[in-house]
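Show me how the following folds:
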Amino acid sequence: GLRIFALYIHGFPDKPVRYGPGLTNAIRLLKGSDAVIWLTIREMRGPHDAEAVKLVQEVADLAAGSGLRVALYPHKGFYVATAEDALRILTQAGRTNVGLTLNLCQELMAGNADRFATIVKACAPHLFLVSINGADPGTTNDETIKVLGQGTFDVQGFVRMLDRAGYRGPVGLQCFNLKGDPHENLERSMAAWRQLCAPAG
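Model prediction:
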């Protein structure tokens, strides 16, 4: 009875094994679930949009066979590192079931804290998933992700920006490398989520 919102998988456009061998079967099993295939485009040297686009098209066509969508997942150090990178690749891919993820911590690590208005406006029509967390802008990977409600970044302002842009999809909680008790962290994050959503109802 557990709903799966997204299945995370690494894509390697320039490798002989381009993605996990279990992906085809997983897509078959997820048919009718409305789950999203969360696809990273891993490291490549130099400009390789053509290879990245080909991989995205391949995974998108596999997903379409089960009525599923694909969301590109930006990650620091990967070929697709930001939402704007993802937008560039999905535009070239030309598949209607391909969108992108706006991952707060990855955008902050890319130095985009002051550019969210521009990024959200450009990405909103293609936005399938959002991930948030408490954060301090300008910190490293090990320090960026905090329990929701912690840190100096205005997460409420970010969520309101998404709301004004018309985003109505899932909002995930990023918990990578958090210290402390997971149950306590989740309780604190849920309390912070309810508080930041309360003004908008």
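
Determine the number of other residues adjacent to Ala117.
For Ala117, the number of neighbouring residues by other CB atoms under 10 Å comes to 12. Every residue, glycine included, has its C-beta placed from N, CA and C.

What strand or helix carries it?
helix 116-123 (DSSP states H and E).

helix or strand right after that helix?
Remark: after helix 116-123, the chain's next helix or strand is strand 127-132, criterion DSSP H and E.

Check which helices and strands that following strand is in contact with.
strand 36-41, strand 69-72, strand 98-103, helix 104-109, helix 155-164, strand 171-173 (3 or more CB pairs under 8 Å, 6 or more residues apart in numbering; DSSP states H and E).

Tell me the spacing between Ala192 and Asp154.
Note on Ala192: its distance to Asp154, by CB to CB, to the nearest Å, is 13 Å.

Which of the two has more residues huddled nearby?
With neighbours defined as other CB under 10 Å, Ala192 and Asp154 compare such that Ala192 has more, 19 against 15.

So the more buried one is in contact with Gly149, correct?
Yes. Using CB atoms under 8 Å, Ala192 is in contact with Gly149, at 3.1 Å.

Show me the common contact partners of the two, please.
Shared contacts of Ala192 and Gly149 (CB atoms under 8 Å, 6 or more residues apart in numbering): Gly134.

re earlier: next, the buried residues of the helix holding Ala117.
116, 119-120, 123 (16 or more other CB atoms under 10 Å).

Return the distance of stretch 98-115 from the chain's centre.
Chain-centre distance of stretch 98-115: 8 Å, with CA atoms, centre = their mean, to the nearest Å.

And stretch 39-46, by the same measure?
The answer for stretch 39-46 is 15 Å, by CA atoms, centre = their mean.

And stretch 6-25, by the same measure?
Between the centre of stretch 6-25 and the centre of its host chain there is 17 Å, according to CA atoms, centre = their mean.

which residues sit against stretch 116-123?
Around stretch 116-123, the neighbours that count as contacts under CB under 8 Å, 6+ apart are 83-84, 86-87, 100, 102, 107, 112, 158, 161-162, 165.

ok, back up a step: dump the buried residues of helix 116-123 into TSV; add pLDDT and distance to Asp14 as well.
Output for those, formatted as TSV (pLDDT from 0 to 100; distance: CB to CB, whole Å):
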residue	pLDDT	distance to Asp14
Phe116	95	31
Ile119	97	27
Val120	97	31
Cys123	96	26
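
Which one of these is nearest to Thr144?
Using CB to CB, Phe116 comes nearest to Thr144 of the buried residues of helix 116-123, at 15.0 Å.

what's the spacing between that closest one and Leu129?
In terms of CB to CB, Phe116 sits 16 Å off from Leu129.
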